[in-house]
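Undergrad: build me a model:
(chains A and B)
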Amino acid sequence: GEDVEQSLFLSVREGDSSVINCTYTDSSSTYLYWYKQEPGAGLQLLTYIFSNMDMKQDQRLTVLLNKKDKHLSLRIADTQTGDSAIYFCAEGLGGFKTIFGAGTRLFVKA
Amino acid sequence: KAGVTQTPRYLIKTRGQQVTLSCSPISGHRSVSWYQQTPGQGLQFLFEYFSETQRNKGNFPGRFSGRQFSNSRSEMNVSTLELGDSALYLCASSLGDSNEQFFGPGTRLTVL
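TA: Residues are numbered from 1 along each chain as shown, chains lettered A, B, ... in the order given. Prediction:
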């Protein structure tokens, strides 16, 4: 089946690192994505990783992919209050279909 | 380059009515996908269109339908509205050859 799961909430202090985890079930995914949604806005693509990669770093963002365990994580270094948002993990499947997780709400305490 | 636009941004309807939502993709993008976002279910895939053809659809009843025009603009229609259809409806466009999608701000539909 097609399912993406992620924890619903994460709270961190400003300046700390945030790690948001995600698991997925479909092994045929081609790309895995992290999107950010701020209040009242649509989703913004943060970063993505091709399914044959293990890691991707993009400034403060590090994506780790464990394909064997079907586990994806997003690490945000030096988390800022502006990073407070909902973060969605998503897997891109064949047929141009994308399955999203329920989203992790990140709270950043000053 | 202008982003994905959706109209209207807010809509209030009553049960049994029908509604049409519109999405204009980024210029040059030929793929448009629709999603329903609710607090309980998260983001659910409705359908995807490319060059006026529906290429994929999610698990929604036939009351949910869509179409795409030759200029890549897309509309989504929901007939016989139910209370549970209250949600944020998001549209996303892409070039069509990858899954990298760009989202619009959404249309918030409230069914009373």
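
Undergrad: CA only for contacts and neighbour counts going forward, please
TA: OK.

Undergrad: for chain B, what are the nearby residues on chain A?
TA: Contacts of chain A with chain B, taken as C-alpha under 8 Å from any C-alpha of the partner chain, map to A:31, A:40-45, A:92, A:95-103.

Undergrad: narrow those to just the buried residues.
TA: Among the residues of chain A next to chain B, the ones that count as buried by 16 or more other C-alpha atoms under 10 Å in any protein chain shown are A:31, A:42-45, A:92, A:96-103.

Undergrad: dump those residues to JSON lines, plus secondary structure and pLDDT.
TA: Formatted as JSON lines, those follow (DSSP: H, G, I helix; E, B strand; the rest coil; pLDDT from 0 to 100):
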{"residue": "A:Tyr31", "secondary structure": "strand", "pLDDT": "87"}
{"residue": "A:Gly42", "secondary structure": "coil", "pLDDT": "81"}
{"residue": "A:Leu43", "secondary structure": "strand", "pLDDT": "89"}
{"residue": "A:Gln44", "secondary structure": "strand", "pLDDT": "90"}
{"residue": "A:Leu45", "secondary structure": "strand", "pLDDT": "90"}
{"residue": "A:Gly92", "secondary structure": "strand", "pLDDT": "85"}
{"residue": "A:Phe96", "secondary structure": "coil", "pLDDT": "68"}
{"residue": "A:Lys97", "secondary structure": "strand", "pLDDT": "77"}
{"residue": "A:Thr98", "secondary structure": "strand", "pLDDT": "84"}
{"residue": "A:Ile99", "secondary structure": "strand", "pLDDT": "87"}
{"residue": "A:Phe100", "secondary structure": "strand", "pLDDT": "90"}
{"residue": "A:Gly101", "secondary structure": "coil", "pLDDT": "91"}
{"residue": "A:Ala102", "secondary structure": "coil", "pLDDT": "89"}
{"residue": "A:Gly103", "secondary structure": "coil", "pLDDT": "92"}
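
Undergrad: middle-most residue in chain B, spatially?
TA: B:Trp34 (3.4 Å; C-alpha atoms, centre = their mean).

Undergrad: any low-confidence regions in chain B?
TA: Low-confidence segments of chain B, defined by pLDDT under 70: B:1, B:97-99.

Undergrad: any residues of it in contact with chain A? List them.
TA: Residues of chain B lying near chain A (C-alpha under 8 Å from any C-alpha): B:41-45, B:48, B:55-56, B:90, B:96, B:98-106.

Undergrad: and those, which are buried?
TA: Buried among the residues of chain B next to chain A by 16+ other C-alpha under 10 Å: B:42-45, B:48, B:56, B:90, B:96, B:99-106.

Undergrad: show me where chain B has its strands.
TA: Per DSSP state E, chain B carries strands over the ranges B:5-7, B:10-13, B:19-24, B:31-38, B:42-50, B:53-57, B:64-68, B:74-78, B:87-94, B:102-103, B:107-111.
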